[in-house]
Every structure is written in C-alpha cells, then in structure tokens.
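Asker: test case, fold it:
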Amino acid sequence: MTKRRSRGEGGLHWNAQRQRWIAWVTVGFDAKGKRKTRSASAVTKTEAKEKLRKLISDRDSGRPAPDGYTVEDATEGWLTFGLSGRSAKTVQNYRHNVANHVIPFLGRKKLVDLSVEDVEKWLAGRATQLSTRTLRLLHSILNRVVRYAQARDKVMRNVVELCEIPVGLEGRPSKSLTIEQAEAVLKASEGSNMHAYIVLSLLIGARQEELRPLTWDHVDLHGAPKANPPVPRSIEVWHSVREGGDTKTKKSRRTLALPMRCVVALRLHRLRQRQLSKQQGRQWDPQGLVFPSAVWTELDSHNVRRSFRRVVKAAGLTPKEWTPREMRHSFVSVMSASGVPVEDIARLVGHSGTRVTELVYRKQIRPVIVEGATAMDSIFQSLNPKRQTGS
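Answerer: Sure, this is the predicted structure:
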C-alpha cells in the first residue's frame, strides 16, 4: 500500500517487512541526477503524517532532517577542513581538547538534536574539573564547530551561542617577583648561560616567544649618543616563535631602549658566544641567534624552563612556584610600583591597550596601598604646617 504526494513534496508508504509507516521527502539531486531523499518511520499512520510534515518543514526552512550526522562528525569536519592557516601546535591543542572533553560527552549526539540544555549540562559538568579559561576554550571550540556545520547546511541554528559559560576551578594565578626577589634572581643567574636572557626578561619585559628567536642584527649595543637627537642602545622586538614568525600583534612590534645592565650583560654574553664558537672551530655569525641552544639551534620553551628553575633555586626560591613568563609580569609590576603610568607600561610590553596590562600582568608588590595616606598627609600638612606627624 502506497500513498504519495507530488514527487517533490514527499509521501507515505507501508513497509510490510519492518511493519512500520515510512515518511519520505525529496531534498534534491546529486551530481549524477539521482534523487536524494530523507525519511522517518513510525508505527501509526498518524505519527508518520506528522513526521512527514516535519520533514517537509525542515527541507523548506533549510534545516536538514535528523540523520546520522553527529557532533563527532561535525568536530572532525571542522578540525580537518576548518582550521586552514593555523599552526600545527594549535590544531593539536584543539584535537586534544575535543578528544578529552567534547567527544566523550557529546560526540554521539545527533547535531540537529543538540539542545541548549545539552550544552549547559555539559559545561556545568566540565566546570567541576576544569578552569574557567579552559571552559571558555571548549565553548569557543564547540561554537565554531556548530557554525562550521551551520554554514554547510547541516544544522539550522547554533544553540551553543545561547549558552553562558560557567565559572570553573581557579587556576594558578600568575605572580610577580618583588624587587628584592628579582635582584636575587639576577644575581643567581650570573655566570650561567641564561644570565643575559634573564636580565632582558626582567628589565625590558619582552615575551619569551620574542626573546627565543632574537638575532644579533636586531640588537644595537652602541647607539649614537652624539647624534641629534641621540640614538640610545636598543633592541628590536620584531619577531616571534609564533606561526609565521611575526610578533603577536602590530603593537607588539617595537624598538626598546636598553638599560645599561642589559647592555653590559649582552656584551659579556656576545663575548662568551664568540669564544665558544672559536673553541668549537666554527665561524661566529653576527646575525645569528642571541640565545641559541647548545647545538646552536633556537631554544624551545622546555630549555628555558629547565634553566630558569635552576636559577630560581639558586636564588633561594621554590622552582615549582615560578615560571619564565612571570619575569614579564614582574617587569610590569616593578614599573607600576615605581610610578610609571600604565599607558607607558602597555606600550613597553607591546599590549594593544591597558586592560590586559592592568588586569592580568600588573600585581601589587607592595603589601599596603599607600597612595591615599600619602596624599592625605601631604594635603593636611600643607593646611596645618605646625602639626607634626605622629603627634
């Protein structure tokens, strides 16, 4: 028994083998002209009619009918074809997060059946295990996965955009060395091959990704003090180990005057580098890496972390409590504590604005906020000069 509507609209028929009503609708034709259909089944004819109406509505609205296309299928499509131009490390990071935090919980869910409630429950469950920062990343990944599928007519709407990101576990906050601790680290690094690296990290606030690829042709240890205007000794922070080799943002590309302590450290470092090249029977490259590894290749983050922890330990601090990137945080905090305006600090560290400088990098390294008391003492002493402090 068969009941059909127009061929373009769809129809119903009874499947005796399955003992079910089949609703079907034509959704298009493939490259060879073969008809493409979608179908659904039901026990009763009334249910089948309702499913047929839904199939037609979904087709006419551009929303595919539910089929075997799952969240896992969507994520694999996005990871394979939707990350063009991203670095291999970025893709690997996304794959890791998808494999560990998305697929085990949502992977088998049909994409068209994914609801706001599903996503909210998933995020709430992950919030008991992960930091807020990781939750933001997971939300972003799933959001982009669904947008990718949406653009390819796999789903009509993006339910992920409607979900709030919950607060997760607190991660380890970045810290700042005090001036005394920073001096201890500088002293402890003397004599090590990391001395100049640590001096630059603490005294100019460059990113680790900017120092590791630094070459000597971007370092000026002479300047032109007699020029008009004088040209200071400087370092050009123009490159990074990021994909493509450029700095993080346009404002990250900057030329910084060098404090004298940096100049002295770099001159000694260059002299040692030349002597080492001579001992190894190789020609020293005046445009080569400033901070090469033992085999004259670019340092990686693991090299720096190992060496930095040895220096931190020698300085009397706990190595596990400090990371190389916190030297940059320390630079910002020491500058701020010394009264340098946050706008100037943001320019020095290559931030596009002051928000990140203030909220993420600047730490209060003085135990008490003294500005208010100092200002009030000054104001009221000027009004009553005879009154003595502490009387």
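
Asker: please identify the buried residues of the longest strand along the chain?
Answerer: Looking across the chain with DSSP state E, the single longest strand is strand 20-29. Buried residues in strand 20-29, counted by 16 or more other Cβ atoms under 10 Å: 20-27. Bear in mind the C-beta positions are built from the backbone N, C-alpha and C, glycine included.

Asker: and stretch 294-301, by the same measure?
Answerer: Leu299.

Asker: C-terminal to the longest strand of the chain, what's the next element?
Answerer: Using DSSP states H and E, the helix or strand that follows strand 20-29 in sequence is strand 35-42.

Asker: pull up the pairing partners for that next one, direction included.
Answerer: strand 20-29 (antiparallel) (DSSP bridges).

Asker: quick one: average pLDDT of stretch 163-177?
Answerer: Mean pLDDT, computed over stretch 163-177, is 85.

Asker: what about that stretch, how long is it end to end?
Answerer: Terminal residues of stretch 163-177 are spaced 39 Å apart (Cα to Cα, to the nearest Å).

Asker: quick one, strands of the stretch 1-150 of the chain?
Answerer: 2-4, 11-15, 20-29, 35-42 (DSSP state E, counting those that start in this stretch).

Asker: can I get these in a markdown table with distance to Gln283?
Answerer: Putting the strands of the stretch 1-150 of the chain into a markdown table (distance: least, Cβ to Cβ, whole Å) gives the following:
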| stretch | distance to Gln283 |
| --- | --- |
| strand 2-4 | 84 |
| strand 11-15 | 81 |
| strand 20-29 | 67 |
| strand 35-42 | 67 |
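
Asker: now render the buried residues of strand 20-29 as CSV, adding pLDDT and distance to Gln280.
Answerer: Listed next are these as CSV, based on pLDDT from 0 to 100; distance: Cβ to Cβ, whole Å:
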residue, pLDDT, distance to Gln280
Arg20, 91, 79
Trp21, 92, 82
Ile22, 90, 78
Ala23, 88, 78
Trp24, 86, 76
Val25, 84, 75
Thr26, 81, 74
Val27, 72, 69
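
Asker: okay, the spatially most central residue of the chain: pLDDT?
Answerer: By Cα atoms, centre = their mean, the chain has its centre lying nearest to Leu137, at 8.6 Å. Predicted confidence (pLDDT) for Leu137: 95.

Asker: mind giving me the domain split of this structure?
Answerer: Listed domain ranges for the chain are 2-61, 71-162, 179-361 (source: automatic domain parsing).

Asker: tabulate those domains (a markdown table), appending distance to Arg172.
Answerer: What follows is the domains of the chain, written out as a markdown table (distance: least, Cβ to Cβ, whole Å):
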| stretch | distance to Arg172 |
| --- | --- |
| domain 2-61 | 48 |
| domain 71-162 | 9 |
| domain 179-361 | 9 |
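
Asker: comparing the ones you listed by mean pLDDT, which bottoms out?
Answerer: domain 2-61 (a mean of 78).

Asker: which ones are touching Val159?
Answerer: 114-116, 118-119, 146 (Cβ atoms under 8 Å, 6 or more residues apart in numbering).

Asker: who wins for neighbours among these?
Answerer: Most neighbours among the contacts of Val159, by other Cβ atoms under 10 Å: Val146, with 24 neighbours.

Asker: pretty sure that residue is touching Cys163, no?
Answerer: No. The criterion here is Cβ atoms under 8 Å, and Val146 misses it with Cys163 at 10.9 Å.

Asker: partner residues bridging the residue nearest to Pro230 when sequence neighbours are not counted?
Answerer: The shortest distance from Pro230 to any non-neighbouring residue, by Cβ to Cβ, 6 or more residues apart in numbering, is to Ala224 (6.5 Å). Under the criterion DSSP bridges, Ala224 forms beta bridges with Val231.

Asker: for Arg233, see how far away Ala224 is.
Answerer: Ala224 sits 9 Å away from Arg233 when distances are taken as Cβ to Cβ, to the nearest Å.

Asker: what do you get for Arg267?
Answerer: Taking Cβ to Cβ, one finds Arg267 at 10 Å from Arg233.

Asker: Gly168: which of the domains of the chain is closest?
Answerer: Closest of the domains of the chain to Gly168 is domain 71-162, at 4.2 Å (criterion: Cβ to Cβ).
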